[in-house]
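*Asks:* here is my input; please provide its structure:
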Amino acid sequence: MDLFNSLIKRTEEVISDNTKTVHNFDSHRLWTDVGYNQVILQKDTAFELDGVGFTLVTTEDINDVVVVVGDELKNISSNTKYARVAIVQIEDEDDAQKLHDTIKKAEYVKYNCYPDGYMMRSASSSNKESVRVSKTALKNNISFGSVGNLFIRKYKEIPQVKGVRVIFVNTDVVDYTALQEIAEMTREITNTLNKVMDNLEFDCANCNLKEICDEVEGMRELHFKSSKGEAQNG
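*Replies:* Model (predicted):
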């Protein structure tokens, strides 16, 4: 059930007119994961990236690639706007609870990925994301390609994940407002999915999830499946 496909299409449209560098996944070029939240002090920071980071899940075929829209890390010299988008292919699943669990696992990957010298801060209540890149990491040739490879490996530790495209955006000419709107809609869909699983209201006319169900293809079907499953188990 592809709740995010329209947002994937919109994301691709936003970045379509920009120059891209594409790196195929290389398991031998993973940036080091230190396994914990590093603290990079201002005096040790080369620059900061500030923007959004979000995950879009689909059952359509996705190749394991890292896409850089803009400059590589070594070519950035000052603080800049930024976005990180992960498009994740998962197994097609009719069971609403299993689908929900897989989406949540994919969403939580960003809280369990700790690239050395690349301090990520993500707000749990939104998709805002900021990154501090250390001077030492730059000297050691950190790149979006190697950090993206690490993200791909982390996503693919989830058994249901079949393919991952990680997109890093930092060009000045992209429409960041559009990406922020996509990130917000992603959050609304995820929150609605959480409510569907927690509160199985079957009366659509009086349900406070109606607006999202009307807008997002597949959400109403999922809501009905969840309600029927709960009724059968009750």
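*Asks:* any idea which element the spatially most central residue of the chain lies in?
*Replies:* Centrality entry for the chain: nearest residue to the mean C-alpha point is Thr55, 2.1 Å, by Cα atoms, centre = their mean. Per DSSP states H and E, Thr55 falls inside strand 45-58.
*Asks:* strands paired with that strand, and their directions?
*Replies:* strand 80-90 (parallel), strand 128-134 (antiparallel) (DSSP bridges).
*Asks:* could you list the low-pLDDT ranges of the protein?
*Replies:* In the predicted model, the chain carries pLDDT under 70 at residues 1, 124, 199-234.
*Asks:* how does it look with 90?
*Replies:* Applying pLDDT under 90 to the chain flags the ranges 1-3, 17, 19, 92-100, 122-127, 188-234.
*Asks:* for it, what spans make up the helices?
*Replies:* With DSSP state H as the criterion, the chain has helices at 5-15, 96-108, 135-139, 144-155, 176-198, 210-215, 219-233.
*Asks:* need the nearest residue in space to the residue nearest to the centre of the chain, chain neighbours excluded.
*Replies:* Setting aside the residues directly before and after it, Thr55 is nearest to Ala86 in space (Cβ to Cβ, 6 or more residues apart in numbering), at 4.6 Å. Where C-beta positions appear, they are placed from N, C-alpha and C, glycine not excepted.
*Asks:* isn't the one you found right next to Thr58, touching?
*Replies:* No: the criterion here is Cβ atoms under 8 Å, and Ala86 misses it with Thr58 at 11.0 Å.
*Asks:* quick one: which of these two has more around it?
*Replies:* Ala86 (23 against 20; other Cβ atoms under 10 Å).
*Asks:* follow-up on the earlier one: looking at the helices of the chain, which is nearest to His23?
*Replies:* Closest to His23 of the helices of the chain, according to Cβ to Cβ: helix 144-155, at 4.2 Å.
*Asks:* give the other helices and strands that that closest one contacts.
*Replies:* strand 20-24, strand 65-69, strand 80-90, strand 161-169 (3 or more Cβ pairs under 8 Å, 6 or more residues apart in numbering; DSSP states H and E).
*Asks:* any chance of these in TSV, plus distance to Asp44?
*Replies:* Putting the helices and strands packed on helix 144-155 into TSV (distance: least, Cβ to Cβ, whole Å) gives the following:
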stretch	distance to Asp44
strand 20-24	27
strand 65-69	24
strand 80-90	18
strand 161-169	22
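*Asks:* do you know which of the ones you listed lies nearest Asp198?
*Replies:* Of the helices and strands packed on helix 144-155, nearest to Asp198 by Cβ to Cβ is strand 80-90, at 21.2 Å.
*Asks:* by how many degrees do that closest one and helix 96-108 diverge?
*Replies:* Angle of strand 80-90 versus helix 96-108, following axes from the mean of the first three to the mean of the last three Cα atoms, to 10 degrees, is 150 degrees.
*Asks:* what angle do helix 144-155 and strand 80-90 make with each other?
*Replies:* 40 degrees.
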